[in-house]
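> Provided below for reference: sequence and predicted model.
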Amino acid sequence: MVSVQPLMSVSVDAEDRLHEANNPTSLVAEFGPDEPLRLDCGVDLAPFQIAYQAYGTLNADKTNAILICHALTMDQHVANVHPITGKPGGWLTLVGPGKPVDTDRYFVICSNVIGSCMGSTGPASINPATGKVWGLDFPVITIPDMVRAQAMLIDRLGITQLFCVVGGSMGGMQTLQWTAAYPERVFSALAVACATKHSAQNIAFHELGRQAVMADPDWRGGRYFEEGTHPHRGLGVARMAAHITYLSDAALHRKFGRRMQDRDVPTFSFEADFQVESYLRYQGSSFVERFDANSYLYLTRAMDYFDIAADHNGHLAEAFRDTQTRFCLMSFTSDWLFPTAESRDVVHALNAGGVRVSFAEIETDKGHDAFLLDVPEFLDLADAFLNSAAAVRGLPVEARDK
Amino acid sequence: MNVHQQGLGTKPGNPASPVPGSYRGDHLLVAEMIPAGSKVLDVGCGDGDLLQLLESRGIDGRGIELSREGVNHCVGKGLAVVQGDADTDLVNYPDDAFDYVILSQTLQATRQPRVVLENLLRIGRRAIVSFPNFGFWRMRLQLLIGGRMPRTENLPATWYDTPNIHFCTIKDFVHLCDEINVKMERAVALDLYGRPLRLNAPWWFWNMFGEQGVFLLQRAGK
């Protein structure tokens, strides 16, 4: 029989993930039965909680707050060691002392999105009505729901206007949603590698991921916590497929080419002969250690439903008409998940609405993930944009450390 | 020609500008044509020098620039500039979106100058267009005597690598404006050093001795 090497099994146990989802290693804002979150699907979610991290100090005028909106499978731990994986913060290229989002000058907030699994209410949380994990009983949430929840958190923190909302990918979608829903609460917006709608191709990739999760017998209709299983194979495959979309052909070629993994000749089996296979399997298996399978279903769905223009009679420009927010959009040449054309559509709509916008396409072969990586041109522009906005807002200006 | 030629005041840099005297002559000329508080689009804004001058004078400036380096410079200066192409992207702007649309030293590099010009006056209530005059005596002399495509300090590219594909003379441009029914509010010719030529000089003189032309345009019938 031909040798087969399946995806590795889980080393972080379900208890840890469940604990982090309900009792996070983060600050927590709790909202009681009298403060429901109005969801687009018609449900009032209450009670619920938002887990968030905060860095730096809020100034006396409360004008230096930056909200970071995290991407699909990222979380609020952008600039601190991750409580489950023990790895460094998720967006240290952009956020930290002396970085473009300078925690020495700004009060930086990042909250776990509703529906995720790192402490904000989601499908891995306990449903107070049943005392059991929500699972698929959790209502379907949208990007506007996530932003509505964030606005409630910002209210709770006593901040009227955010100096900047920053996000990439799904975080960029939230950033754009912020400016469409609460233009007066956003002084500036930095949206990277994103769009105002999810394309058919992107929905297709998400559907592939969801079907992989649901095809895993250990998924058990979403009741895997109670049944003591975990659909790590399905979720791992979903992650592997998604991860390919975050890279580029050029980046895969540069990093791996057709090189073999710890061997010189093929094994004539289905083991991971190629480095790229080994890398993808590692991505799949490390992801399932920290992420909840049902959350993956919910968050990918939220991105699929996102379409700002559809919420404004099909006219994107109407969503941004006469907004005073200062915008900066950036895209990456090798990003095929959110290609430059998508950003240009947003720019055209902003121009049509008379909005102040800067837009640059950054040349890199690093694909969609470039926004999280050390891409100096991107970081320089983010720095310059934030500093120019800071000058207008009367905040201190300082070039980033290099 | 039905154009009223008009000279501009020769007063030096506005005291409001951060570094008076450091700006290009044609930029100062353009800036003087625009009242404070106007909303302006600079098409082909390069490194953003003109936009910076305009913003320093209380004008709300936006830019389009083709080159990635140019855009990055501009964003680095805090300017609202988007990467785009005058030939393809102007159609995406709504009518009357700006008070003034500027096309500075870019017309000759567009694929469809006429369409671009029409778009400028659709997007903006007024347009300011400046371009190098191919009828300038040095150009004529190089072609006539040297028998080779002209090159100057301001246009140093060779014929095979120049981005400038639609050269015209001041006379040509005035004809185009007549043809598409554009009204010239002001016209200025600058010499090699960016100084305005004598304003009572005849058109042929401008076309011969103007190194570049700067025109303030308006849709006719308004």
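Looks like it came in fine.

> part of a helix, is B:Phe173?
Yes - assignment of B:Phe173 by DSSP: H, G, I helix; E, B strand; the rest coil places it within a helix.

> Tell me who's in contact with it.
By Cβ atoms under 8 Å, 6 or more residues apart in numbering or on different chains, the residues touching B:Phe173 are B:107, B:129, B:131, B:213, B:215. Placement of C-beta: from N, CA and C, glycine included.

> CA atoms only: put stretch A:141-160 into PDB for me.
Provided in PDB are the C-alpha atoms of stretch A:141-160 (Å, rounded to 0.1, in the frame of the first residue of the first chain):
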ATOM      1  CA  ILE A 141     -23.500  37.700  11.700                       C
ATOM      2  CA  THR A 142     -22.300  40.300   9.100                       C
ATOM      3  CA  ILE A 143     -19.500  42.800   8.800                       C
ATOM      4  CA  PRO A 144     -21.900  45.700   9.800                       C
ATOM      5  CA  ASP A 145     -22.800  43.600  12.900                       C
ATOM      6  CA  MET A 146     -19.100  43.400  13.800                       C
ATOM      7  CA  VAL A 147     -18.800  47.200  13.400                       C
ATOM      8  CA  ARG A 148     -21.900  47.900  15.400                       C
ATOM      9  CA  ALA A 149     -20.500  45.900  18.200                       C
ATOM     10  CA  GLN A 150     -17.200  47.800  18.000                       C
ATOM     11  CA  ALA A 151     -19.100  51.100  18.100                       C
ATOM     12  CA  MET A 152     -20.700  50.000  21.300                       C
ATOM     13  CA  LEU A 153     -17.300  49.200  22.700                       C
ATOM     14  CA  ILE A 154     -16.000  52.600  21.600                       C
ATOM     15  CA  ASP A 155     -19.000  54.200  23.300                       C
ATOM     16  CA  ARG A 156     -18.200  52.300  26.500                       C
ATOM     17  CA  LEU A 157     -14.700  53.600  26.400                       C
ATOM     18  CA  GLY A 158     -16.100  57.200  26.200                       C
ATOM     19  CA  ILE A 159     -14.500  57.900  22.800                       C
ATOM     20  CA  THR A 160     -16.600  60.100  20.500                       C
END
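
> residues of that stretch that come out buried?
Using 16 or more other Cβ atoms under 10 Å in any protein chain shown as the burial criterion, the residues of stretch A:141-160 that qualify are A:141-154, A:157, A:159.

> Tell me, how many residues neighbour B:Arg195?
If you count neighbours by other Cβ atoms under 10 Å in any protein chain shown, B:Arg195 ends up with 12.

> how much space between the residue lying closest to it once chain neighbours are set aside and B:Gly194?
Excluding its sequence neighbours, the residue lying closest to B:Arg195 (Cβ to Cβ, 6 or more residues apart in numbering or on different chains) is B:Gly25, at 6.5 Å. Separation of B:Gly25 from B:Gly194 (Cβ to Cβ, to the nearest Å): 2 Å.

> And for A:Pro33?
Separation of A:Pro33 from B:Gly194 (Cβ to Cβ): 72 Å.

> Same drill for the two, tell me which one is more crowded.
Between A:Pro33 and B:Gly194, B:Gly194 has the larger neighbour count (other Cβ under 10 Å), namely 16 against 10.

> Can you report how many residues lie near the nearest residue to A:Gly394 once chain neighbours are set aside?
Nearest residue to A:Gly394, sequence neighbours excluded (Cβ to Cβ, 6+ apart): A:Thr63, at 7.4 Å. Neighbours of A:Thr63 under the rule other Cβ under 10 Å: 19.

> what's the answer for B:Trp137, then?
B:Trp137 has 14 neighbouring residues, counting by other Cβ under 10 Å.

> In space, what's closest to it - neighbours in sequence excluded?
B:Met208 (5.2 Å).

> Can you give me the buried ones in stretch A:301-310?
So, applying 16+ other Cβ under 10 Å, buried residues of stretch A:301-310: A:301-309.

> for stretch A:207-214, same thing?
Neighbour counts using 16+ other Cβ under 10 Å place A:209-210, A:212-213 of stretch A:207-214 among the buried residues.

> ditto for stretch B:195-211
B:196-197, B:203, B:206-211.

> Mind checking which of those residues are in helices?
The helices, defined by DSSP state H, take in B:203, B:206-209 from the buried residues of stretch B:195-211.

> No further queries at this time; thank you.
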